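Student: build me a structure from this.
(chains A and B)
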Amino acid sequence: MKIKNMIKYLPAFVFLGFIFAFMILYIVLPKESFSAQEKKQLSEFPEVTAEAVMNGEFQEKLDTYLSDHVPFRNTFVGLSANYELISGRNGKKGIYLGNDGYLFPKPTKDGELLHKNAGFIKEYADCSDIPVYMTVIPSSGYINNDKLPLNHEEYKDKELIESIKPELGENVDFVDVTGVFEEKSKDKQLYYKTDHHWTSSGAYECYRLLAEKMGFEAVNENSFEKETVDGFYGTSYAKCALWWVSPDSIELWKNKEQPEYSVNVEIKDGKDTKSGNSYFFREQLENDDKYPVFLDGNHSLVRISNKSAKGGKLIIVKDSYAHTITPFLSQNYSEIIMADLRYYKQDISLLAEKEGADAILILYSIDNLANDNNLSYLY
Amino acid sequence: MIFSSLIFLFMFLPVVLVLYYLTPKRFRNLTLFIVDLIFYSWGEPMLVLLMLVSVVLNYTAGVIIGLNRKKKKLTKAVFIIAIILNLGLLGFFKYVGFIGETLNFVMPFLNVPVLKIALPIGISFYTFQTMSYTIDVYRNTVKMQKNIITFGTYVSLFPQLIAGPIVRYEDVELQLTTRKETLAQFTDGVKIFLIGLSKKILLANEMGNLWDSIRGSGAQGGALGAWVGIIAYTFQIYFDFSGYSDMAIGLGKMFGFEFMKNFNYPYISKNITEFWRRWHISLGTWFREYVYIPLGGNRKGLPRQILNLGVVWFLTGLWHGASWNFILWGVYFGVILTFEKMFLLKLLKNVPGWISHIYAIILFVFGWVIFYFEDMGEMGGFIARLFGSDGFEIKGDITVTIISYIPLLIAAAVISTPLIPTLYHKIKSKPVLYVTENAACILAFLLCTSSLVSSSYNPFLYFKF
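Tutor: The predicted structure is shown next:
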């Protein structure tokens, strides 16, 4: 064939090359059985039986199998994310790309559940014998409002928090961090750029506000030695699929005066148990998502004891934001029990009674408070 | 199986191409027929039997009629039975539930049991194709097809099986037996297929997202939001449908078939008569050929012509779906077309082009409102919103969504016109042409693939146990 003709028919060859290469790669590339990024088990090639083919089950499973094992999956997802971004749809995957490499999950919407949850907390506090403290952490997008892209949905965190305050009743001691966070965020990074969580600095600011309300003396910031770990790619990063966004660094704050081995962390998930001598689970730093370095991420029940603290027993009912602040609170409470209602499906009032706790702290991010339907387990 | 899926693009299509081109020429129809059946039965393992029944039925009718030309009574009887059976199958599988519901609504005391039957994919398309064959054999305008494999290939040809175009037997009769696949035609096919795939994935799906968001936001969008929404739906249905037709035409070319053009920039029309000459051309042709003209068309005086138009547009509406809104939609166009035939067209000729263009746009966009809402109450609510029942301005978060879709809305509007092909044909320099063409093909395919892959991507945030 003449070169001239070859060029004329090139689109056909490109197309054929593409579909055949794809098919061959599908067949020859080794298949992963687990996706770390999506944290899910990937499907296996479905069994071919007459019955499965006739009722369409085989075909359905094959579809899942193919989408689970697409060659160069991340490259394609990234390409689609970049295309969406440049064609005007920043936030299509639920995450806004803001200034300075900040990624923001879309705003929390007001809904029935938020107020129902406030109601559960009120009822719980009204029957509780021990003081109930509560704090709600606003979202990164609300606090870093100046870094949001031009066209974005409005973050109404302050409105939402103000709206539930009266619904909590007088027996909940509410610590509002919003004002202080807005102020402090001008010169401190209170939230990660690639993750929805707050940084150690953010958690520390909240710790100081809690100290005032809960009546203990916060450890001075200068007493902490800060260790920086680079290369943290958070969940917002994984969701938005803009792979060129720079990683965060994560700071581990250690009290210089705290004796070694004074800490004991006991983790319980049903029958599984695990323990450690530090607030930080360093094996988690190996992963892209390093946030679980704090107290090993989400678990049903975690008991943190600190021999060098003055005393007192605190129960924290929480979401994952608590993992960063608990090491600070542990400086002032010799025993802290963190319960995560998403996994700990038992009565918190019973737990408090059994443990003889001195106080309860309910700590949620605004997003989880508005979307978690497990708060009925409080009492 | 749908074209815009990983399994079709990267498994079915490459395998079928290899099988097809490895098969010796005279067995290629058999290969096609077998892969057609696999293609169809992928989503409907049992209902493929229904299609085979339709194939056997019309094949037999064709042979009996073809062999007994002189026995007028026999051929007439066979013809009538075949048509009744064809329409009966279509009626049973597509309309029986609708008829039951309507009867119960009009005469509740009857209490007819309403059958819920899953609509066999493509039945409206392949029934019309087989009927075109049987009718034409009976009218002696085409020869009967003696080879059932060839006939089966015609009926079940996978490129146009599910969503058209409705290919008349007459148009592909020769191609079925004597087509000659060429590389030039294949290349053309690839380009048209990619255009169709991009229309479907990059425009139709996205316009669908916008339309869904706007409906989901309820009263927030006000009148302006509702108009943006129905315009998004206007684009969605065009790019979806014409995208599928393009993919069908492109795939047809890859296997040596030439199908008729099904869409010809309908949204640039200046009146509704023109719109229907440009929209779903194969369906319009079918109704004209097999309903309108046999009824007498325009040759029997104006009253009869109006009646004929009424019948055709009632049926056109009904063909689109078993629901009253589709009938309303058909009748809506029937009425407009009648007015246009009587006096409006003459009137429109004397006004500036842009006015008649706006006239046409408003009417077909409004038509999509009727087409979309199967529930009359919802339709009424939406029409009220279009005229300001929830205020005129857009409020709240939906503003953000609408703004983010402006670039795509503009792209959709431009691509609805022949502007890009016109510019493209102005490129005289061959190197520039080749570079543009190949770059566009690669980019389109990469974006479509990434969009398909991305839709299944779902990073899991809170993971436990």
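Student: can you tell me the helix or strand for the residue in the stretch 201-350 of chain A that chain B sits nearest to?
Tutor: As assessed by CB to the nearest CB, chain B sits closest to A:A238 within the stretch 201-350 of chain A, at 4.2 Å. Glycine gets a C-beta too; all of them are placed from N, C-alpha and C. Per DSSP states H and E, A:A238 falls inside helix A:235-240.
Student: and the helix or strand just after that helix, which residues are buried?
Tutor: Moving toward the C-terminus from helix A:235-240, the next helix or strand (DSSP H and E) is strand A:248-255. Using 16 or more other CB atoms under 10 Å in any protein chain shown as the burial criterion, the residues of strand A:248-255 that qualify are A:D248, A:I250, A:E251, A:L252, A:W253, A:K254, A:N255.
Student: same check on stretch A:369-379?
Tutor: Quick answer for stretch A:369-379 (16+ other CB under 10 Å): A:L369, A:A370, A:D372, A:L375, A:Y377, A:L378, A:Y379.
Student: nearest to chain B among these?
Tutor: Nearest to chain B among the buried residues of stretch A:369-379, with distances taken as CB to the nearest CB, is A:D372, at 9.9 Å.
Student: from what I see, that closest one and A:D340 are in contact.
Tutor: No. The pair A:D372 and A:D340 fails to qualify as a contact (CB atoms under 8 Å) at a distance of 9.9 Å.
Student: any common contacting residues for the two?
Tutor: When contacts are counted by CB atoms under 8 Å, 6 or more residues apart in numbering or on different chains, A:D372 and A:D340 have A:D319 as shared neighbours.
Student: can you redo the buried residues of strand A:248-255 as CSV with pLDDT?
Tutor: Below are the buried residues of strand A:248-255 laid out as CSV (pLDDT from 0 to 100):
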residue, pLDDT
A:D248, 93
A:I250, 94
A:E251, 94
A:L252, 94
A:W253, 94
A:K254, 92
A:N255, 90
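Student: the residues you listed: which two are farthest apart?
Tutor: Maximum pairwise distance in the buried residues of strand A:248-255, criterion CB to CB, is 23.1 Å, between A:D248 and A:N255.
Student: neighbours of the residue in the stretch 1-150 of chain B that chain A sits nearest to, how many?
Tutor: Nearest residue of the stretch 1-150 of chain B to chain A: B:F10, at 4.3 Å (CB to the nearest CB). Residues near B:F10, counting by other CB atoms under 10 Å in any protein chain shown, number 24.
Student: where's the nearest residue to it once chain neighbours are set aside relative to B:S41, distance?
Tutor: Distances taken as CB to CB, 6 or more residues apart in numbering or on different chains place A:F22 nearest to B:F10, at 4.3 Å, with adjacent residues excluded. As judged by CB to CB, to the nearest Å, A:F22 and B:S41 stand 24 Å apart.
Student: then B:S4?
Tutor: For B:S4, the distance to B:S41 equals 19 Å [CB to CB].
Student: what residues sit buried inside the helix or strand where B:W368 lies?
Tutor: Using DSSP H and E, B:W368 sits in helix B:353-372. For helix B:353-372, a neighbour-count test (16+ other CB under 10 Å) marks B:356-357, B:359-361, B:363-365, B:367-372 as buried.
Student: what sits up against the helix or strand hosting B:V453?
Tutor: Assigned by DSSP H and E, B:V453 falls within helix B:430-454. Here helix B:430-454 makes contact (CB under 8 Å, 6+ apart) with A:7-8, A:10-11, A:14-15, A:18, A:22, A:67, A:70, A:73, A:76-81, A:83, A:241, B:4-6, B:9, B:190-191, B:194-195, B:197-198, B:201-202, B:205, B:424, B:427.
Student: which helix runs longest in the chain?
Tutor: Reading this off chain A. helix A:10-28 (DSSP state H).
Student: could you do chain B instead?
Tutor: Max-length helix for chain B by DSSP H is helix B:222-254.
Student: just checking, next helix/strand downstream of it?
Tutor: helix B:272-278.
Student: any idea how far B:W368 lies from B:I361?
Tutor: According to CB to CB, B:W368 and B:I361 sit 11 Å apart.
Student: quick revisit: only the buried subset of the contacts of helix B:430-454, as a PyMOL command please.
Tutor: Buried members of the contacts of helix B:430-454 can be picked out in PyMOL with the line below, counting by 16+ other CB under 10 Å:
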select buried, (chain A and resi 7+8+10+11+14+15+18+22+67+70+73+76+77+78+79+80+81+83+241) or (chain B and resi 4+5+6+9+190+191+194+195+197+198+201+202+205)
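Student: select from the contacts of helix B:430-454 every entry located in helices.
Tutor: Going by DSSP H, the helices hold A:7-8, A:10-11, A:14-15, A:18, A:22, A:67, A:73, A:76-81, A:83, B:6, B:190-191, B:194-195, B:197-198, B:205, B:424 from these.
Student: which parts of the stretch 251-379 of chain A are strands?
Tutor: A:263-269, A:272-276, A:301-306, A:313-318, A:335-339, A:359-365 (DSSP state E, counting those that start in this stretch).
Student: pipe these into a markdown table and attach mean pLDDT per row.
Tutor: Output for the strands of the stretch 251-379 of chain A, formatted as a markdown table (pLDDT from 0 to 100):
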| stretch | mean pLDDT |
| --- | --- |
| strand A:263-269 | 89 |
| strand A:272-276 | 88 |
| strand A:301-306 | 91 |
| strand A:313-318 | 93 |
| strand A:335-339 | 92 |
| strand A:359-365 | 94 |
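Student: mind putting those strands into JSON lines with mean neighbour count and distance to B:S54?
Tutor: As requested, those are exported to JSON lines (neighbours: other CB atoms under 10 Å in any protein chain shown; distance: least, CB to CB, whole Å):
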{"stretch": "strand A:263-269", "mean neighbour count": "18", "distance to B:S54": "58"}
{"stretch": "strand A:272-276", "mean neighbour count": "12", "distance to B:S54": "59"}
{"stretch": "strand A:301-306", "mean neighbour count": "21", "distance to B:S54": "64"}
{"stretch": "strand A:313-318", "mean neighbour count": "23", "distance to B:S54": "63"}
{"stretch": "strand A:335-339", "mean neighbour count": "24", "distance to B:S54": "63"}
{"stretch": "strand A:359-365", "mean neighbour count": "24", "distance to B:S54": "59"}
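Student: of all the ones you listed, which lies closest to A:V172?
Tutor: Judging those by CB to CB, what sits closest to A:V172 is strand A:359-365, at 7.7 Å.
Student: mind listing what's buried along stretch A:55-73?
Tutor: For stretch A:55-73, by 16+ other CB under 10 Å, it's A:58-59, A:61-63, A:65-71, A:73.
Student: again but with stretch A:119-139, I slipped
Tutor: Buried-residue list, stretch A:119-139, by 16+ other CB under 10 Å: A:119-122, A:124-125, A:128, A:130-139.
Student: so, in contact with chain B or not, that stretch?
Tutor: No. When contact is scored as CB under 8 Å from any CB of the partner chain, no part of stretch A:119-139 falls within range of chain B; the minimum is 14.1 Å.
Student: worst-scoring helix or strand of chain B, pLDDT-wise?
Tutor: helix B:96-106 (a mean of 75; mean pLDDT, DSSP states H and E).
Student: in it, what's buried?
Tutor: So, applying 16+ other CB under 10 Å, buried residues of helix B:96-106: B:G97, B:F98, B:G100, B:T102.
Student: which one of the residues you listed sits closest to A:E170?
Tutor: The nearest one, if we look at these relative to A:E170 and count by CB to CB, is B:G97, at 58.8 Å.
Student: related to what we said a few turns ago, can you tell me which of the buried residues of stretch A:119-139 end up in helices?
Tutor: A:G119, A:F120, A:I121, A:K122, A:Y124, A:A125.
Student: so B:V351 is in which element?
Tutor: Counting by DSSP H and E, B:V351 is found in no helix or strand.
Student: next, it: phi, psi?
Tutor: In terms of degrees, to the nearest 10, the main-chain angles of B:V351 are phi -100, psi 160.
Student: okay, now it: neighbour count?
Tutor: For B:V351, using other CB under 10 Å, the count is 12.
Student: residue contacts, B:S54?
Tutor: B:N86, B:L89, B:Y126, B:T127, B:T130, B:V155.
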